[in-house]
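1. pasting a predicted model and its sequence here:
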Amino acid sequence: MIDRTLGSLREVIGWGTVDVVVACNGCTDATEAIASRWQGVSVLHVAEASKTAALNAGDQCTRLWPRLYLDADIEVSAKALVDVFAALQDGTLLAARPAFSYDTHGASAPVRAYYRARSRIPGNAEGLWGAGAYALSRSGHNRMGVFPALTGDDYFVDRLFDAWEKAILPTEPVIVRTPRTSAALLAVLRRTYRGNAEQDHVAGGASLPRTVRQLLGSVRGPRTACDAVVYAVFAVAGRRRPRSRALSPVWERDESRR
């Protein structure tokens, strides 16, 4: 996956005005070796299997602003990167991201139905979270300080800014490759909902009622109704705790694309 992601950044690697940093946090696959083959890319070894530790390590590796935080399985074009950085230069916006597009190629029918329904819910495209990519200006980052040890860094960052301080830009979308199997999707959802619940408990209030309203409002016929039912089933299953759970949290991830 990292090779595909770095390939999407090929045009900006080596520009001198953009640092491309890959922070490998407790990787057990070939990510570190693959990234090291790319000339002009800084590769960090982070012993701790923590995304926020990797994000903080990456921050220490560059002095350039703005900064785009990109998941290893997300593809972003040079144009999208330039457009996002340009939007953050004058200080009006503190955070931004490109639009996103789901790639469900090779996914099972239930997974495709889930993402069709998800794409019809306006709230899922209005925040900094959910795209695997967001950028901060220097002032925006100063408001945060360091990334805290929470699951769901994008959900956390989104809550730092008022609506007028952040934007979803109508540039070329980043490509989000969805899980292929129902089991893989559930693993991702469990991690997401666990992180959201942790932060909702601290900040107070969740977006569930609004999501339900928007899901119901997205139904326009039999097919969209079926998609909405599939979405609801996955959402309920993702919020349930597994019967056997380790004492320490497990970092669920999508293995179906690896």
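-> Good, I have the coordinates.
2. quick check on the residue nearest to residue 177 when sequence neighbours are not counted: phi, psi?
-> For residue 177, ignoring the flanking residues on the chain, the nearest one in space by CB to CB, 6 or more residues apart in numbering is residue 103 at 4.7 Å. Just so you know, the C-beta spots here come from the backbone N, C-alpha and C atoms, and that holds for glycine as well. When read as degrees, to the nearest 10, the backbone of residue 103 gives phi -110, psi 110.
3. now do stretch 229-245: distance to the chain's middle.
-> 20 Å (CA atoms, centre = their mean, to the nearest Å).
4. average pLDDT across that stretch?
-> Stretch 229-245 carries an average pLDDT of 81.
5. show me the beta-bridge partners of residue 46.
-> residue 25 (DSSP bridges).
6. starting at the chain centroid, how far to stretch 191-202?
-> With CA atoms, centre = their mean, you get 15 Å for stretch 191-202.
7. so who does the spatially most central residue of the chain touch?
-> Nearest to the mean C-alpha position of the chain, by CA atoms, centre = their mean, lies residue 132 at 2.1 Å. Residue 132 is in contact with 70, 71, 73, 74, 100, 154, 174, 176, counting by CB atoms under 8 Å, 6 or more residues apart in numbering.
8. so which two of the residues you listed are the farthest from each other?
-> 73 and 154 (14.0 Å; CB to CB).
9. looking at the two, which is more packed in?
-> The neighbour count for residue 73 versus residue 154, taken as other CB atoms under 10 Å, is higher for residue 154 (20 against 17).
10. report the buried residues of stretch 69-78.
-> Across stretch 69-78, burial judged by 16 or more other CB atoms under 10 Å covers 69, 70, 72, 73, 74, 75, 76, 77, 78.
11. can you give me the helices in the stretch 51-200 of the chain?
-> Counting by DSSP state H, counting those that start in this stretch, the stretch 51-200 of the chain has helices at residues 51-59, 78-87, 109-119, 138-144, 153-158, 182-203.
12. need the contacts of residue 132 in TSV with pLDDT, can you?
-> Listed next are the contacts of residue 132 as TSV, based on pLDDT from 0 to 100:
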residue	pLDDT
70	96
71	94
73	89
74	95
100	96
154	94
174	96
176	95
